[in-house]
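J.: coordinates for the following, if possible.
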Amino acid sequence: MRESENILELAKLLPDYMGFIFYGPSKRYAGEMLDAKVLASLPASIMKTGVFVNESVQEIKKITQHYDLKAVQLHGEESPELCAELKTFGLQVIKVVHVGSAIGWKVLERYEEVCDYFLFDTADASWGGTGRLFDWNLLKDYPSSKPFFLSGGIGIEQLPIPEFVLDKPLWAIDVNSRFEISPGLKDIEKVKEFKEKLTS
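T.: A predicted model of the protein is given here:
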């Protein structure tokens, strides 16, 4: 999200989270388009989330303070130490795990104590935003009790969520590209339809 009117319209649907991308190469980069006053007006129930890729602690802290963000979604090769430091700022930390043809479960162990959630997204050189699904069957072997976000090209066609995924500690569904009119601009009616089907 980055356009003020679009942000305010989507906020009426009361999503649990709303993401703002602060990764320059992304076609959804929020940059200077994002209005801190608009974000300040959002309902308190919406977890305002900054999306970062291999950014410094200092820059993340500066941006999260400026926009009063409550969570960070880390898509790069951020260290467990960086995650732990961000938590000391009172931020909720979501560590992304990029999924290819398999998932290296051992990597999760390094982050178990320093993040609040994992997020599984389709692996790509551009660090996400591919609009492609990964094989959800890989999650059948999920070894952790830590709640996770499911991401990666999810659209209305993926509903209902399969039982074998719901049997795991699924916390949230992260949707983006399948609900865009153009990069960073959401189709509000499509999001509304998804939410209604997801919760029915």
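
J.: just the strands from this structure, written as ranges.
T.: Here the chain has its strands, by DSSP state E, at 17-21, 47-52, 71-74, 92-99, 117-122, 148-150, 170-173, 180-182, 185-186.

J.: does the fourth one pack against any helices or strands, and if so which?
T.: Using 3 or more C-beta pairs under 8 Å, 6 or more residues apart in numbering; DSSP states H and E, the elements in contact with strand 92-99 are strand 47-52, strand 71-74, helix 80-87, strand 117-122. C-beta here means a position set from N, CA and C on the backbone, and glycine is covered the same way.

J.: and what of the first one?
T.: For strand 17-21, the packing partners by 3+ C-beta pairs under 8 Å, 6+ apart come out as helix 4-11, strand 47-52.

J.: check the offset of that strand from the chain's centre.
T.: Remark: strand 17-21 is offset 7 Å from the chain centroid, using C-alpha atoms, centre = their mean, to the nearest Å.

J.: quick one: residues in contact with that strand.
T.: Strand 17-21 is contacted from outside by 1-2, 7, 10-11, 28-30, 34, 39, 42, 46-51, 67, 69, 71, 73, 172, 174, 176, 184, using C-beta atoms under 8 Å, 6 or more residues apart in numbering.

J.: one step back: okay, the helices and strands packed on strand 92-99, which one's buried deepest?
T.: When these are scored by mean count of other C-beta atoms under 10 Å, the highest mean neighbour count falls to strand 71-74 (a mean of 24).

J.: could you check the angle the biggest helix by length in the chain makes with helix 4-11?
T.: Longest helix of the chain, by residue count under DSSP state H: helix 188-199. Our comparison of helix 188-199 with helix 4-11, counting by axes from the mean of the first three to the mean of the last three C-alpha atoms, to 10 degrees, yields an angle of 20 degrees.

J.: quick check: buried residues in helix 188-199?
T.: Neighbour-count burial for helix 188-199 flags Lys190, Val191, Phe194 (criterion: 16 or more other C-beta atoms under 10 Å).

J.: convert the C-alpha atoms of it to PDB, please.
T.: Listed next in PDB are the C-alpha coordinates belonging to helix 188-199 (Å, rounded to 0.1, in the frame of the first residue of the first chain):
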ATOM      1  CA  ILE A 188     -10.900  -3.000  -2.800                       C
ATOM      2  CA  GLU A 189     -13.900  -5.100  -4.000                       C
ATOM      3  CA  LYS A 190     -11.600  -8.100  -4.700                       C
ATOM      4  CA  VAL A 191     -10.100  -7.900  -1.300                       C
ATOM      5  CA  LYS A 192     -13.500  -7.600   0.300                       C
ATOM      6  CA  GLU A 193     -14.600 -10.800  -1.600                       C
ATOM      7  CA  PHE A 194     -11.600 -12.600  -0.400                       C
ATOM      8  CA  LYS A 195     -12.100 -11.600   3.200                       C
ATOM      9  CA  GLU A 196     -15.800 -12.700   3.100                       C
ATOM     10  CA  LYS A 197     -15.000 -16.100   1.600                       C
ATOM     11  CA  LEU A 198     -12.100 -16.600   4.000                       C
ATOM     12  CA  THR A 199     -14.200 -16.000   7.100                       C
END
